[in-house]
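> build me a model:
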Amino acid sequence: MTASLCVLGAGLIGGSLLRAATAAGWETFGYNRSEISAGADGFDVGTDLPAVLRRAAAADALVVLAVPMPALDVVLAQVAAHAPGCALTDVVSVKAPVAAAVRAHGLADRFVGGHPMAGTAESGWAATDAALFRGAAWAVTVDDGTDPAVWRRVARLALDCGSHVVPVTAAEHDAAVARISHLPHVLAEALAQAGAAGGALALGLAAGSFRDGTRVAGTAPDLVRAICEPNAEALRAVLDETLAVLAEARRALEDDSLAALAEAGHTARRHYEEQRREVISGVEPGAIGWLETLRAAGRRGAVLTAMD
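Below is the predicted model of the structure:
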């Protein structure tokens, strides 16, 4: 039987998911708040949310929340009303606030959080790409109470889209992405402002380091806020750490030396480049201790690349 997927929100991530899952053989359909050109591209995306959700319920589809965090409560209320029995996941950039919202709507028993670590500075259906998730990490949550059957479906979706699965708790996910996703957004915005403040000459001289360092500053401002603000507590903590590093660099320049910063940064980058991922195997969702085993593996940086 062909697996069914219902994606709620057809922006960059949701739309790319529709494309990738369709290419992988899933039966797909979805919802978007406004009319988009998905139909012209051969995809079934409607604007009547209750109707789409009733269809998802009839098909026993895996429902994916792919709307920005500010829209989540409205959409979850409709899921609770029209498709409460469907397996449910998401692709939102934070996990603990999403899980809390899902619990508030009585949908926690059928929910497993997800977050593909992929994207571009572009947005909307026109930017979607079936290959967006290939080779990417896809966080899949392993919190207490996780339904093993739903977890397997969510993991299968990630694998079918070309990603590798990183098992992680919601809290650990949010602490990690504050460092490697949300902080880079903040730093890119600050770096872009620093370059622009130098005027036409500075921008005329700008090359690779400035271009690469400011890439995500090209993201729509409302989307940056939707990504970063729900994780404000974790982001504040890592910003404090980073500000302390920068303050020490400022002090060190009084002695005309950035040696400590350069050495530490170079070592950290090499550690990232040389990391080799352990592959998870032999874990059966639902078996005794399966959640604890996957949590421990995720903390080691291990990934799931196939389902038994």
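> what's the lowest-mean-pLDDT helix or strand in the chain packed up against?
In the chain, no helix or strand scores lower on mean pLDDT, DSSP states H and E than helix 221-228, which sits at a mean of 91. In this structure, helix 221-228 packs against helix 183-197, with contacts taken as 3 or more CB pairs under 8 Å, 6 or more residues apart in numbering; DSSP states H and E. For the C-beta atoms, the positions are set from N, CA and C on the backbone; glycine is no exception.
> what about the helix it packs on, distance to the chain center?
Distance, stretch centre to chain centre, for helix 183-197: 22 Å (CA atoms, centre = their mean, to the nearest Å).
> now for that helix, which elements pack on it?
helix 199-205, helix 208-213, helix 221-228, helix 232-252.
> between the ones you listed, which one is closest to residue 39.
Distances from residue 39 to each of the helices and strands packed on helix 183-197 were compared using CB to CB; the shortest belongs to helix 221-228, at 24.0 Å.
> regarding the residue sitting nearest the centre point of the chain, what is its secondary structure?
Nearest residue to the geometric centre of the chain (CA atoms, centre = their mean): residue 115, 3.3 Å. At residue 115, secondary structure determined by DSSP: H, G, I helix; E, B strand; the rest coil is strand.
> kindly state the beta-bridge partners for it.
Beta-bridge partners of residue 115, counted by DSSP bridges, are residue 139.
> model confidence score at it, please.
Residue 115 carries a pLDDT score of 97 in this model.
> distance check, it against residue 174.
10 Å (CB to CB, to the nearest Å).
> now the least confident helix or strand of the chain - C-alpha only, CSV.
Presented in CSV, the C-alpha positions along helix 221-228 are these (Å, rounded to 0.1, in the frame of the first residue of the first chain):
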residue,chain,number,x,y,z
PRO,A,221,13.2,39.1,8.0
ASP,A,222,9.8,37.6,9.1
LEU,A,223,11.2,34.1,8.5
VAL,A,224,14.3,34.9,10.5
ARG,A,225,12.1,36.0,13.4
ALA,A,226,9.9,32.9,13.1
ILE,A,227,13.0,30.7,13.2
CYS,A,228,14.9,32.4,16.0
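> in it, what counts as buried?
223, 224, 226, 227, 228 (16 or more other CB atoms under 10 Å).
> ok, those vs residue 199, which is closest?
Sorting those by distance to residue 199 puts residue 224 at the head of the list, at 24.3 Å, by CB to CB.
> from residue 37, how far out is that closest one?
Computed as CB to CB, the residue 224 to residue 37 distance reads 25 Å.
> any chance of TSV for the buried residues of helix 221-228, columns distance to residue 14?
Listed next are the buried residues of helix 221-228 as TSV, based on distance: CB to CB, whole Å:
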residue	distance to residue 14
223	13
224	18
226	13
227	14
228	19
